[in-house]
Each structure stands twice: as structure tokens, then as C-alpha cells.
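Asker: please work out how this folds:
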Amino acid sequence: MIQDRVCLPLQTPVLQGRPTLRLPWAKPDVRTSRRSIRLAAKPRVANPTIQAQQVLMVKLGLADSAQPVGSADLHKYESLFADPLSESKHEAFKVLF
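Answerer: Alright, predicted model coming up:
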């Protein structure tokens, strides 16, 4: 066969010994935080949907970003989306975002 004429058997093995096992990267200690101080100081809500609603209320001017969202702010937000958005509100949202 053509293999026998082209390929020659190796006299010495290509690999010497067994391959070395690589150890995975050391996992960071759970007590150390990689977040910046600025991000760590930001208030966080356990539910991301509520956090997104609070950000939207601040952007719409319904709530103050320095203070927690109160029930009056929440009532204004709910009344804004109680009915389908009018064309003028829809255009205003397009301009804002």
C-alpha cells in the first residue's frame, strides 16, 4: 500500500511521559467583592422588575432618586399605565427613550 511506502515508523515516541494536568484558576473568595464602591453604594432591590419600575419612575419625574419610592409615587405610576397610552404619550416616550 501507499501508506507503507510513505509513512515510516518512529523509533522514539513523540510524547515523553504522561501529560501534566492543568489546575483550574483559583476561585475568588466569596467574602471579597469585585464591585466598585460606587456600585456597591447604590440601593438594590431583590426583584429586578421592581427595580426597573423604580428607575422608570425616576426617569419620568414621578419619583425623586434621592428618596425611596413612596405610595403616592407608585399611585402616579400606576395611573399613568392604567389605560392604553395615547398617541401623545407614546410620542413623548419615544423622545425620552
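Asker: for the rest of this, base every contact and every neighbour count on C-alpha atoms.
Answerer: Will do.
Asker: can you give me the buried ones in stretch 51-60?
Answerer: 54-55, 57-58 (16 or more other CA atoms under 10 Å).
Asker: which one of these sits closest to P9?
Answerer: Nearest to P9, judged by CA to CA, of those is V55 at 70.6 Å.
Asker: pull the residues that contact whichever strand or helix holds that closest one.
Answerer: Using DSSP states H and E, V55 falls within helix 48-60. Where contact means CA atoms under 8 Å, 6 or more residues apart in numbering, the residues beyond helix 48-60 that reach it are 44-45, 63-65, 69, 73, 77.
Asker: can I get the CA coordinates of it in PDB?
Answerer: The C-alpha trace of helix 48-60 is given here as PDB (Å, rounded to 0.1, in the frame of the first residue of the first chain):
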ATOM      1  CA  PRO A  48     -35.300  43.300  39.100                       C
ATOM      2  CA  THR A  49     -38.800  44.200  37.800                       C
ATOM      3  CA  ILE A  50     -39.500  46.400  40.800                       C
ATOM      4  CA  GLN A  51     -36.000  48.000  40.300                       C
ATOM      5  CA  ALA A  52     -36.700  48.700  36.600                       C
ATOM      6  CA  GLN A  53     -40.100  50.300  37.600                       C
ATOM      7  CA  GLN A  54     -38.300  52.500  40.100                       C
ATOM      8  CA  VAL A  55     -35.800  53.600  37.500                       C
ATOM      9  CA  LEU A  56     -38.600  54.300  35.100                       C
ATOM     10  CA  MET A  57     -40.400  56.400  37.700                       C
ATOM     11  CA  VAL A  58     -37.300  58.500  38.300                       C
ATOM     12  CA  LYS A  59     -36.700  59.000  34.600                       C
ATOM     13  CA  LEU A  60     -40.300  60.100  34.100                       C
END
